[in-house]
Structure formats: structure tokens, C-alpha cells
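Asker: Generate coordinates for the sequence data below:
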Amino acid sequence: MAVGAMANDIAHRQHEPRSVRHKDRPAITSVYGVRHHGPGSARSLREALVEFGPDVVLIEGPPEADGLVRLAGDPEMHPPVALLGYVPGEPKLAAFWPFAVFSPEWQAIRHTLGAGIPVRFCDLPAAHQLAMADGRTARPRTDPVSELATAAGYDDPERWWEDVVEHVPGPAVFDALAEALVILRAQEEPDPRDAVREAHMRKVLRRTVKDGYQRIAVVCGAWHVPALQDLPSAAADDRLLRGLPKVKATFTWIPWTYGRLAYTSGYGAGIQSPGWYDHLFSVSISGGGQPVERWLAKAAAVLRDEGVPASSAHVIESVRLAEALAALRGRPLAGLEEVTEAARAVLCEGSDLLVGLIQRRLVVGERLGTVPAVTPMVPLQQDLHNQQRSLRLRPEAQPRDYDLDLRKPNDLARSRLLHRLTLLGVRWGVPQESRTRNIGTFRESWQLTWRPELDLALIEASMWGSTVAAAAAQRAGSLAAEAAALEDLTGLVERCLLANLSDALAEVLATVRDRAALEGDVTHLMAALPALVRAARYGDVRGTDPGRLGEVAVELITRICAGLPAAVTSLDETAERAARDRIDAVHSAIGLLADTGSRTRWLDTLARVVLRCPPLISGRLTRLLLDAGRLTADDVAIRMSRELSPAAAAAAAAGWAEGFLAGSGLLLVHDEKLLGLADGWLAGLSADAFAAVLPALRRTFGEFAPPERRAIGDKAARLDGSGRPPVLAASADDDLDADRAVPAVRVVAAILRASLVPAP
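Answerer: Numbering: from 1, shown residues only. The predicted structure follows:
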């Protein structure tokens, strides 16, 4: 009940700074408990700092970043941004401290820089926090906003916060929040980590008092306010801080996005609607008013950009509906819930798709911040930034598609940069397979999206080198040494080629040659060949000499041909299908390589093993030999009649047919003799045998293109199941006018110089 009364009283309290007077000096400390990334807190804090006039401001944050605060005043610094703390050599030990323009901490920093007063971070140093990050999940802690909202009778903490903070002008809520939190904390079991952090905050506060400052403002999360109002003895805090683990932490500023404000670390302060909060804060500090009207006008503009009609009348009706909903619900002003419902009903006409568009573009918003060029960076980051500028590849939070023409020097350089970053694990760009089916063209398609964690990936990759090219080459060499399969090595060869890493390519290729000489499993050689052949075939497109790649590919083909007969015997059904797929891949690769000797050697090997392998593979090899001209249609018809004869087991015959027909049905469309043989085999099956082979047949014919299936069906409709080609005979129902046909027959006879024989 006490918490509920306090929660209901928050909106009606006048601002009386909660001050702490210290016995040793007449210093006054005002503690402002804020909600991280709360625009109402930010607005109220701006006014409170102006009113209080502090000599120094302490902000919850890592003290190691004190030297970076000055960069917040740089004209090139535009939030959202984040402080990144990491352990050199172990970048995975890292944490982020994000700031948006509506973050109270950011506004406090900007105030101190503008007023020329000192600012310090007072949280537990990141050196300790990162050392204490052992990977265990922290014990859940009370969410004060949710608790206060529930006590005040709200089922939505966001709505309560808007009603009592966002819509209440002035710094009237800090003291009431502090008193309510005293009650909440009394009911909560102390968290050991919070206790350590608060002990350090108090230590910094005492040190600031000893430094002679008279008016001290402390900006921290509202949960910590009670711990900073009544200070225990310094000795007690020293005992809590004694013996903490420690690592060396390095800090820098990095760009952040609104989309990532919900995925923070450090002090954990995710929010659901950063775009909406940005709008509320911007309107409040501009003094323009009408936040609902302005928001719905923005929503209408978003819809118009997508070709959806949204007029001024729509906006006016949406505003009226939002205000009516707020009045019905007893809210002082329409909040996000009301404006969303109004936009859904009027602007979007009930379309969830359009509401989702507004959600992405406005409610969340994918704004990417920027940091000054003088921000401390590892050399690898600086090199990437320089290349981004020279290649005109601007980092953006929204996905952006790039179509690269590799014949253009700038596009080729872009492609190489993106492939090098991918090799380093910095996945800024993702190849669009649907738009670029293979690398054997002069075009590539990429989709680029910059995410804050990519800066951390760059820092982690900096162990390999100080430039992107050098780091990628070193990383390729390391991957070659670690590769367990030959297939991984040849894939790495292809990646080195795409990234234009000549030195690394030579090293990896030597490793491939050595590993292939020792490889005794022909299936591994078959899996490794396609990537190597693609690299050899398309190296000239990227200005790389493919000669050495072709030599290694020819060596692999020779070894594959020697080992293939043993690799296609004694296989179960799963291994048989895998072997067929590998044979198809090798056959395509050899055709792509365009080496006459290798192709001849491969086809000779297929002809040698075709009669000594399982039905599925035998059928496939027969088809490959037919397509290559090694077998005639008559040869295949004889072989097909034998494999599909009544004496053959139904399952074996179905396997042979599946292997022979897989991939294309054009052969049956154009060769009526083969179609007749297949039809005769099917017509001769018993009901049980047909049911047994039906799944394989459905799988085979399901791979055919719809026009191929229709053409086969039309031809099969005229077959009688005898296995003979269809006979086109005139039926009694044919509508033939003999008198009209006689002139045409005479013309044809004259052309053919044949005499007309009268019909009997």
C-alpha cells in the first residue's frame, strides 16, 4: 500500500533535490535517479542540472572512459553511440554502454561540456566487471518501473512511465521515485554485484568531496539512489571492494543503432520503442509541442513513400481517434499505444503489414550513429574506415543492396574488401545467392548491413594484422593449418581467390597439394574438386593467374579416376545416393575445367565402371555417357530394355530409372523409343511392385519442370503399354474431307515425284 500511494503521488510532487550533506565538508550532493534511455528523465534532468548548478557531475558508467568524454562534444559525434570496453587479446570479454540523444546520461555529459564543469564516471571499473563476467546468468532483479506501475494499478509499465514521467513537465519526479525505491529495496534481497558497484560509487563520491567540490550532482539508475543517499562507513565499502578480480580494459567509442538498444550489455537497459522516445524528446526540447500530431504526420509520410495513399484528412482523423482513446482510458495524453491503434484503424485501414512498416521505420527506427575520426581505433578499424571512404561504401543500419560489376575497378575492389572481411569473420556483407547464382560471371550481388558488434569483430580480428588485406592473409594461413578436411581446404582456395590474397593462395594451394597426395579416401577428393575447379576457371575474371590451380585440379582428377571403381561398390541406399551426387558434381566440374585430357580420362573411367556399380549409379553413368556421346541412343535402348526387363527386381529397375532420368525429362520427350520402353516396364509391373517403386518414380518425375511433365504426359497418353513407339493411325472419328484433300496430295506427289495410287 505504501508503494502504491507513493507511485500515485509521483506525478504531483514538486522538485526538492534529495541532498546529502557530508560531515567533513559542507558539500551538497543531489542524486538523480533516472531510467536509462528515458526521454522524460533526460528532459527533467536537463532542467534539474540547470536549477541545481553543480560544480561536478558523477555519472554511472565505467571510470576508464573518463578521458573519452570530451569526444561527446565533437561536431562529428552523433548518437546513438556506445562506449565499448574490451580486454586486448581477448575481445570476447567486452561490454557496451550505449547512449541515445534521449539518454539522461548523454544529456548530463552534454550539459557539463557546455557549462565547462568536470564530469566523471563513477560505476565499478570495467576492469573488475569484465573480470567478474564468468558467463553465469545474473540473479533476476526487481524492475522498479514494473513494480511501481503495478502498485499504481497499471498493467503496462511503459504506459505508466509515459503518464507520470514523459507527460509531466519539469524535474518533479526524482524525489518521489527515490522514496518509492527505498521501500522497494527494503523488500528485495541484496544483490552481491549491485552491492559492490554501489560501494565503488560511494567511494568515488567521497573522493569527489575530498577534492573540494561543493555542489555534486550524481546521475545513476533509479535503483541505486537509496544506496547513495545514506552512506555507510568508508571501511565497510573498502571491505566489499577488497580482492576483486581485475583485467586490463581498453575503451573507445563506436557507432550504435536504435535497433540494438534492446540488446545492451553493461548496465542492461533495453527499450522497445527508441524511435518513439527520440520523437518525444526532440519535440519536448524544441518547444514545438503537438507530439501526437507530428508523429502521425511522420507515419503518413512513411506510407506515402511506399506508394500508400495517406492524406492530411487521414492524419486529422487519426489524431482525433488517438485523443479520444486517451480520454476514454483516463490518460493525460495519447501514448504510443493510442497512436498505434489510431494509425492502424485510419492510416493503415487495418493492415498489419503497414503497421509493421511504421513499427520498423518509426517506432524502432534503424538510425546509425557516427563517431569522430579522432576516436581511438585499432589499426585494422582505421584501415577499414579509410577503405570505406575511398570505395564509397558507407556503413548503414538499414540493409542496402549492391550489384557489383567486376569489370569496373571500384566494384572489383569492393568485392575483394567484402570477401576479405568475410574471411576475417566480419560479416558486413552477405552475398545474395538469388541474384548471383555463381561466381562465374562478371557480376556479384551483396546486401550490406552494419551492426555495432562488427566493431568488436574487427577488434578481435586485429590480432591477424593491421590492415584488412594483411589480416585476411594471415587468417587464411591459420585456417589452412587448422582445416581437417580436404574439402575445407579447396573451399579456402576459392575464398582466397575471391579476396585476391595471392600470397595466402600460394600457401593454401601448397597445403592442398600435400594433403591430396596423402588422402586415401576418394570421396574426400571428389568433394574437394568443385571449389578448386571454380577457382581455376574463374580466376581470370578477377585478374588472378589460374594456372597453378588448374594443375592441382588435374592431379585431383587423376586420383579420383584411379579410385572411383572401388568407391562405387558395396554401397547401401544412403551411400549410393551420396555417391551419385558426388559423381554429378565432379562431372560438372570437369566440364567446367575444359581440360581435354581430364575429360577423356573421366569418361573412360565411367565407361569402365558403369556395368559394375549399383542400379542408381549405373543409370546415372549411362545418362552421362549418353549426353557425352560415348553411347548412342540404340546402345542406351538395349541397356534400358535389359535393366527394366520383367526379370529385373522392381526396386533395382526403379533405381536405375531414377538415376538415368534424374535432372531432366527432355530425353523422354524427344526419344519415343526410350519413352516406350519406360512405359512398357511400368505397364508390366504388378500392383505390389508398382506400389513399391512409386516413391522413387514420384521423386524422379517431381524434379522435372512442369512443361516437361506435361509433354511426357501427352506422349504417354498415346502409348499402349507394349513398349513399342506410339502409332498415329487415323480413327473412324477423324473428320477427313477426301475431295478437299486430293489437290494437296497431288501437290505433294509432284514434289516427291511419286505416282498416285488410288485407294482401295
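Asker: Next, count neighbours for Thr700.
Answerer: By the measure other C-beta atoms under 10 Å, the count of residues near Thr700 is 19. Every residue, glycine included, has its C-beta placed from N, CA and C.
Asker: That one and Trp656 touch, don't they?
Answerer: No. The pair Thr700 / Trp656 is not scored as a contact, 10.9 Å apart, by C-beta atoms under 8 Å.
Asker: and the helix or strand hosting Ala691, which residues are buried?
Answerer: Assessed by DSSP states H and E, Ala691 sits inside helix 687-702. By neighbour count on 16 or more other C-beta atoms under 10 Å, the buried set for helix 687-702 is 689, 693, 696-697, 700-701.
Asker: what do you get for stretch 333-347?
Answerer: Buried residues in stretch 333-347 (16+ other C-beta under 10 Å): 334-344, 346-347.
Asker: Using CSV, write down the CA coordinates of it.
Answerer: The C-alpha coordinates for stretch 333-347 follow below in CSV (Å, rounded to 0.1, in the frame of the first residue of the first chain):
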residue,chain,number,x,y,z
LEU,A,333,-2.1,12.5,-23.3
ALA,A,334,-2.2,9.9,-26.1
GLY,A,335,0.7,7.5,-25.8
LEU,A,336,2.3,5.0,-28.2
GLU,A,337,-0.5,2.5,-27.8
GLU,A,338,-3.2,5.0,-28.7
VAL,A,339,-1.3,6.5,-31.7
THR,A,340,-0.6,2.9,-33.0
GLU,A,341,-4.2,1.9,-32.8
ALA,A,342,-5.3,5.2,-34.5
ALA,A,343,-2.8,4.6,-37.3
ARG,A,344,-3.9,1.0,-37.7
ALA,A,345,-7.6,2.0,-38.0
VAL,A,346,-7.3,5.1,-40.2
LEU,A,347,-3.9,5.3,-41.9
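Asker: can you list contacts of it?
Answerer: 156, 158-159, 162-163, 166-167, 273, 276, 291-292, 295-296, 299-300, 303, 310, 314-315, 317-319, 321-323, 325-326, 329, 331, 350-351, 354-355, 358, 363 (C-beta atoms under 8 Å, 6 or more residues apart in numbering).
Asker: Show the subsequent helix or strand relative to the longest strand anywhere in the chain.
Answerer: Determined from DSSP state E, the single longest strand within the chain is strand 90-99. Using DSSP H and E, the helix or strand that follows strand 90-99 towards the C-terminus is helix 104-115.
Asker: Of the contacts of stretch 333-347, which belong to helices?
Answerer: 158-159, 276, 291-292, 295-296, 299-300, 303, 314-315, 317-319, 321-323, 325-326, 354-355, 358 (DSSP state H).
Asker: Residue ranges in the stretch 551-700 of the chain under the pLDDT threshold?
Answerer: Applying pLDDT under 70 to the stretch 551-700 of the chain flags residues 663-667.
Asker: mind listing the strands in it by residue range?
Answerer: Counting by DSSP state E, counting those that start in this stretch, the stretch 551-700 of the chain has no strands to list.
Asker: same deal with the stretch 1-150 of the chain?
Answerer: Under DSSP E, counting those that start in this stretch, the stretch 1-150 of the chain gives strands at 19-21, 28-34, 56-59, 81-87, 90-99, 119-121.
Asker: Filter the buried residues of stretch 333-347 down to just the ones in strands.
Answerer: Among the buried residues of stretch 333-347, DSSP E puts none in strands.
Asker: so which of these comes closest to Leu244?
Answerer: Using C-beta to C-beta, Leu336 is the member of the buried residues of stretch 333-347 that sits closest to Leu244, with 41.2 Å.
Asker: What is the neighbour count of Arg389?
Answerer: 11.
Asker: After the helix or strand containing it, which helix or strand is next? Please name it.
Answerer: Arg389 is located in helix 379-391, with elements delineated by DSSP H and E. With elements assigned by DSSP H and E, the helix or strand that comes after helix 379-391 is strand 400-405.
Asker: What are the buried residues along that following strand?
Answerer: Residues of strand 400-405 classed as buried by neighbour count (16+ other C-beta under 10 Å): 402, 404.
Asker: ok, and what's touching it?
Answerer: 393, 411-412, 414-415, 429, 432, 435, 442-449.
Asker: Return the list of strands paired to that strand, each annotated with direction.
Answerer: strand 443-448 (antiparallel) (DSSP bridges).
Asker: quick one: average pLDDT of the partner strand?
Answerer: Mean pLDDT, computed over strand 443-448, is 89.
Asker: From the contact counts, what lies against the next helix or strand after that strand?
Answerer: Per DSSP H and E, the first helix or strand lying C-terminal to strand 443-448 is helix 453-461. The contact analysis (3 or more C-beta pairs under 8 Å, 6 or more residues apart in numbering; DSSP states H and E) places helix 453-461 against strand 81-87, strand 90-99, helix 379-391.
Asker: Including mean pLDDT and distance to Gly287, could those go into JSON lines?
Answerer: Output for the helices and strands packed on helix 453-461, formatted as JSON lines (pLDDT from 0 to 100; distance: least, C-beta to C-beta, whole Å):
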{"stretch": "strand 81-87", "mean pLDDT": "90", "distance to Gly287": "26"}
{"stretch": "strand 90-99", "mean pLDDT": "83", "distance to Gly287": "23"}
{"stretch": "helix 379-391", "mean pLDDT": "92", "distance to Gly287": "37"}
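Asker: Kindly compare burial across the ones you listed and name the winner.
Answerer: Each of those was scored by mean neighbour count; the highest is strand 81-87, a mean of 24, by mean count of other C-beta atoms under 10 Å.
Asker: can you list contacts of that strand?
Answerer: Counting by C-beta under 8 Å, 6+ apart, 61-62, 64-65, 68, 93-99, 126, 130, 247-256, 266, 369-371, 452, 455-456, 459 sit against strand 81-87.
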